[in-house]
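S.K.: Structure here, sequence nowhere to be found:
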């Protein structure tokens, strides 16, 4: 297992659409372990494979608080098959957009079909923070960032800030 470097805005990799996972084999299980280690190190509650530069439809989530036992969940080829008309608003952040948070409105509950870490097809009804987190991470698999759900003005300001930070980090030529 190893901690992988996170892909940070404005890297265009974050806008790629991820490819479906074929078989849940040892390579996918190793990827899941690396993703958890990276997410816990960051620290975060969710991570899509694309955020570490792997364009596969896979994400990991653990909503356990610091003083609770870990509750790692692996979602392979997840898709929202149903979402509620009711809406909820959560303040979201993203490991690929460090230290930026904004309120995002999404469906309050969703039903997600996916393959678990053991290779079994599952369906899960989720609400609250889990529903928000699943939608946020599934968006990543489609090249969508949470800032795409806020006003254009705020989004443009965030992107401009991260472009400047990226330029400042780049070595001079």
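M.R.: That came in fine, so what should we check first? Note that the structure is predicted; figures quoted are calculated from it, not measured.

S.K.: so where's the chain uncertain?
M.R.: Regions of the chain meeting the criterion pLDDT under 70 cover residues 1, 171-173.

S.K.: can you pull the contacts of the most centrally placed residue in the chain?
M.R.: The residue lying closest to the centre of the chain (Cα atoms, centre = their mean) is residue 137, at 3.1 Å. Going by Cβ atoms under 8 Å, 6 or more residues apart in numbering, residue 137 touches 46, 47, 48, 59, 61, 75, 78. In this view, the C-beta of every residue, glycine as well, is placed from N, C-alpha and C.

S.K.: contacting residues for the nearest residue to it once chain neighbours are set aside?
M.R.: In this structure, residue 137 finds its nearest non-sequential neighbour in residue 59, 4.0 Å apart by Cβ to Cβ, 6 or more residues apart in numbering. The contact partners of residue 59, taken as Cβ under 8 Å, 6+ apart, are 35, 46-49, 74-75, 78, 134, 137-138, 140-141.

S.K.: With adjacent residues omitted, what lies nearest to residue 117?
M.R.: Closest residue in space to residue 117, ignoring its immediate chain neighbours: residue 74 at 3.7 Å, by Cβ to Cβ, 6+ apart.

S.K.: er, residue 40 actually
M.R.: residue 62 (7.5 Å).

S.K.: Surely the residue nearest to the centre of the chain forms part of a helix?
M.R.: Yes: according to DSSP: H, G, I helix; E, B strand; the rest coil, residue 137 belongs to a helix.

S.K.: where's it relative to residue 115, distance?
M.R.: Plainly put, residue 137 is 15 Å away from residue 115 if you go by Cβ to Cβ, to the nearest Å.

S.K.: same deal with residue 36?
M.R.: Relative to residue 115, residue 36 is positioned 17 Å away (Cβ to Cβ).
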